[in-house]
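# could you work out the structure for the sequence below:
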Amino acid sequence: MTYRHTMYGCYGGYVVQAVVNNLAPLLYVTFGHKYGLSLGLIALLSVINFAVQMSVDVAAALLANKLSHRTLMLWAHGFVIAGLWGLALLPEIMPPFAGLLTATVLYAVGGGLLEVLVSPLLEALPLDNKAAAMSLLHSFYCWGHAAVVVLSTLFFALAGINKWRLLPLLWSALPLANMILFTKVPILTLEDTTPSMPRRRLLTSREFWLFMAIMVCAGAAEQCMSQWASAFAEAGLGVSKTAGDLLGPCMFALLMGTSRAFYGKKGDKISLTAFMTGCGFLCAAAYFTAALSPLPAAALLGCGLCGLSVGIMWPGAFSEASRMLPGGGTAMFALLALAGDVGCASGPALIGMTGSLRTGMLMAAVFPAALIVFLKLLNTRKEMNTK
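All right, here's what the predicted structure looks like:
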């Protein structure tokens with residue numbers, strides 16, 4: 001095994017993360033019909049998912065550098081497997097919502113560990129263009145998201161939505177295979193390759209807190225659409241589940257991956273903060289289009305453009321933070337992931353609280369707008385530091 005295999009394992013880790021965050025939302029309408037759950041209760045599943053991931057982020061930040069990264073990666077995949085099996089089985093042997101909630105907590109623990117560990121593991125590898133590699137890594141989350149939608153939609157078409165419990169069992173084969181890979185691959189950590197920054201210096205850095213704010217906005221801008229695109233297309237726009245999933249969340253994921261892959265190839269020729277700022281404007285326009293257009297086709301186009309625009313936000317913030325705050329280490333990535341998960345939890349929850357998917361989509365435009373402001377403040381700090 002070589003570091004190339006480690007890189008492949010990191011790619012696989014983000015595909016597993018895509019399963020954690022995007023499989024259940026394809027079933028939100030099904031959960032509502034089968035178990036009589038309200039929009040607010042269904043939204044709570046998304047909130048709990050990211051709230052648990054936030055708790056794991058905090059724990060990882062406190063315990064960074066004290067636990068074996070290999071062991072934690074194996075635990076991460078094990079929790080995801082347990083959660084996917086729980087999603088299939090627990091609603092039948094427990095009160096349905098309690099079963100769904102328990103499964104969500106289990107796979108969210110695994111997802112939180114993956115989120116904290118995968119990016120710094122790749123960052124520590126001996127690679128030439130770290131920003132491009134990071135963007136390419138995060139594109140695998142998008143390809144995984146698209147695969148979840150396409151393959152799950154194919155499953156529904158062939159087996160029927162009533163057989164949905166088989167689906168998480170089938171998807172559990174992926175984290176199992178990646179877990180086996182991580183028993184063998186060589187692992188480096190940022191602490192092995194870069195002198196650590198004192199924790200106090202990190203926490204008193206204004207740039208760090210600007211990155212935290214940017215991550216909140218990035219997480220919310222991404223997950224508002226990612227978590228609700230399927231339900232928005234099916235219930236809000238009135239299109240069929242198959243067409244809605246393929247034209248809503250699938251197009252969102254493919255265009256998000258395209259954005260990340262593009263920056264992964266061309267990133268060395270483009271200003272990252274300028275690219276992120278332009279994407280912020282496009283994201284706000286996409287949410288307005290989805291919320292206000294009377295034509296379902298135009299609203300679905302807004303879903304896709306949202307994916308294209310949010311693609312660079314999360315990995316871009318990670319890359320800039322790693323460049324501007326060298327030595328932040330795994331603890332910095334854990335705290336940034338925590339901030340991203342705050343956005344991932346609060347954004348979809350905001351939409352659920354409105355009681356109207358169109359109104360929620362309109363309100364979601366505040367997150368890319370705020371991201372633009374924070375990027376401007378970050379650029380001002382960069383200019384001050386170079387004088």
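
# could you pull out the helices in the stretch 251-387 of the chain for me?
251-266, 272-292, 296-310, 313-324, 329-354, 357-363, 366-386 (DSSP state H, counting those that start in this stretch).

# compare those helices and give me the one nearest residue 215.
helix 329-354 (3.8 Å; Cβ to Cβ). Every C-beta, even on glycine, is put in place using the N, C-alpha and C of the backbone.

# quick one: that closest one to helix 366-386, angle?
150 degrees (axes from the mean of the first three to the mean of the last three Cα atoms, to 10 degrees).

# now for helix 329-354, which elements pack on it?
helix 39-63, helix 96-123, helix 190-193, helix 199-203, helix 206-231, helix 313-324, helix 357-363 (3 or more Cβ pairs under 8 Å, 6 or more residues apart in numbering; DSSP states H and E).

# now render the helices of the stretch 251-387 of the chain as a markdown table, adding mean pLDDT.
Shown next, in a markdown table, are the helices of the stretch 251-387 of the chain (pLDDT from 0 to 100):
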| stretch | mean pLDDT |
| --- | --- |
| helix 251-266 | 81 |
| helix 272-292 | 90 |
| helix 296-310 | 84 |
| helix 313-324 | 84 |
| helix 329-354 | 82 |
| helix 357-363 | 83 |
| helix 366-386 | 85 |
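
# right, so of those, which gets closest to residue 227?
helix 329-354 (4.1 Å).

# angle of that closest one against helix 39-63?
170 degrees.

# now find how far off-centre helix 329-354 is within its chain.
9 Å (Cα atoms, centre = their mean, to the nearest Å).

# next, count neighbours for the spatially closest residue to residue 139 that is not a sequence neighbour.
In this structure, residue 139 finds its nearest non-sequential neighbour in residue 260, 3.6 Å apart by Cβ to Cβ, 6 or more residues apart in numbering. Residues lying near residue 260 (other Cβ atoms under 10 Å) number 30.

# residue 160 too?
9.

# quick one: it from residue 30, how far?
According to Cβ to Cβ, to the nearest Å, residue 160 and residue 30 sit 11 Å apart.

# do the same with residue 58
33 Å.

# also residue 372?
37 Å.

# got the buried residues for the helix ranked longest in the chain?
The residue-count maximum for a helix in the chain (DSSP state H) belongs to helix 130-159. If you call a residue buried by 16 or more other Cβ atoms under 10 Å, then helix 130-159 has these buried ones: 130-150, 152-153, 155-156.

# got it, and stretch 55-74?
Buried residues in stretch 55-74, counted by 16+ other Cβ under 10 Å: 55-61, 64, 69-70, 72-74.

# just for the stretch 151-300 of the chain, where's the confidence low?
Low-confidence segments of the stretch 151-300 of the chain (pLDDT under 70): 190-197, 232-247, 267-268.

# rewinding a little: let's have the helices and strands packed on helix 329-354 in CSV, adding distance to residue 89.
Below are those laid out as CSV (distance: least, Cβ to Cβ, whole Å):
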stretch, distance to residue 89
helix 39-63, 16
helix 96-123, 8
helix 190-193, 38
helix 199-203, 42
helix 206-231, 23
helix 313-324, 32
helix 357-363, 30
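
# highest average neighbour count across those helices?
Highest mean neighbour count among the helices and strands packed on helix 329-354 (mean count of other Cβ atoms under 10 Å): helix 206-231, with a mean of 26.
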